[in-house]
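>>> Predicted structure and sequence below. I'll ask about it afterward.
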Amino acid sequence: MEGQKKAGYEYLLVYKLTVAIYDLTDQFTEVFIDKYSRTRDQMVQAVRSGMQNIVEGNRQQSLRGYIKLSGVARGSLEELLKDYYSFARQKKLKIFSKERVLEGVEEIRKVWKILNASKTLPDIPNFPNIPKNPEKVVNLMITLIKQAN
C-alpha cells in the first residue's frame, strides 16, 4: 500500500495515536483483565469507539457532524481513561507524574517514534509490547489517552 493515497483521517495525529491505544489496550486486557469480565468488554468497546468515531467524523458532510463525532470519540477515550484509573486504584498502583512516565516508561518513546516516522501509520505499525509491570503499563496507557484527548 506504500505510495497509495490514504483517507484524510489517517493523516491525523490523534487517529494514529488512537490506533496505538487500541492495540495496546487489546494487549492490556489480554494480560490483566479476566476474559469473561464486563470491564474487558467495556474497555475494548470504548477504545474501538474512540478510534472509529474519528473515522466516521471525517466522513461527515457537515462540520456539525464532524464535531459531534469527534466529541463522541473523546468521550469514549475519557471512559477508557477512567477504566485505567479504576484498575490502578483497585490494584493500589501509583499514578506517575508526567515527567516520571516520560523518563521511566520507554514504550512512550517507542510509540511516538512510530507515530512520527511518517505521515500515516504503516499497515502493521509494530507498536511495542506493553510493559510486564502493571504500574508501568497503567501509566503508559493513562499518558497516551491524555495525549490523545
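The structure has been received and is ready for your questions. Bear in mind the structure is a predicted one, so any value in this text is a computation, not a measurement.

>>> which residues touch Gly57?
9, 65-70, 72-73 (Cβ atoms under 8 Å, 6 or more residues apart in numbering). In this view, the C-beta of every residue, glycine as well, is placed from N, C-alpha and C.

>>> Is Asn129 in contact with Phe28, as I believe?
No. The pair Asn129 / Phe28 is not scored as a contact, 10.4 Å apart, by Cβ atoms under 8 Å.

>>> now the contacts of Gly57: which count as buried?
Listed as buried from the contacts of Gly57 are 9, 66, 69-70, 72-73; burial here means 16 or more other Cβ atoms under 10 Å.

>>> Mind picking the one among these that's closest to Thr120?
Tyr9 (9.6 Å; Cβ to Cβ).

>>> and the residue lying closest to that closest one once chain neighbours are set aside, how far is that from Ile95?
Spatially, and ignoring its direct neighbours in sequence, Tyr9 is nearest to Asn58 (3.7 Å; Cβ to Cβ, 6 or more residues apart in numbering). Here the criterion is Cβ to Cβ, to the nearest Å. By it, Asn58 lies 33 Å from Ile95.

>>> Quick check: buried residues in the lengthiest helix in the chain?
With secondary structure taken from DSSP state H, the chain has its longest helix at helix 63-90. By neighbour count on 16+ other Cβ under 10 Å, the buried set for helix 63-90 is 66, 69-70, 72-74, 76-77, 79-81, 83-85, 87-88.
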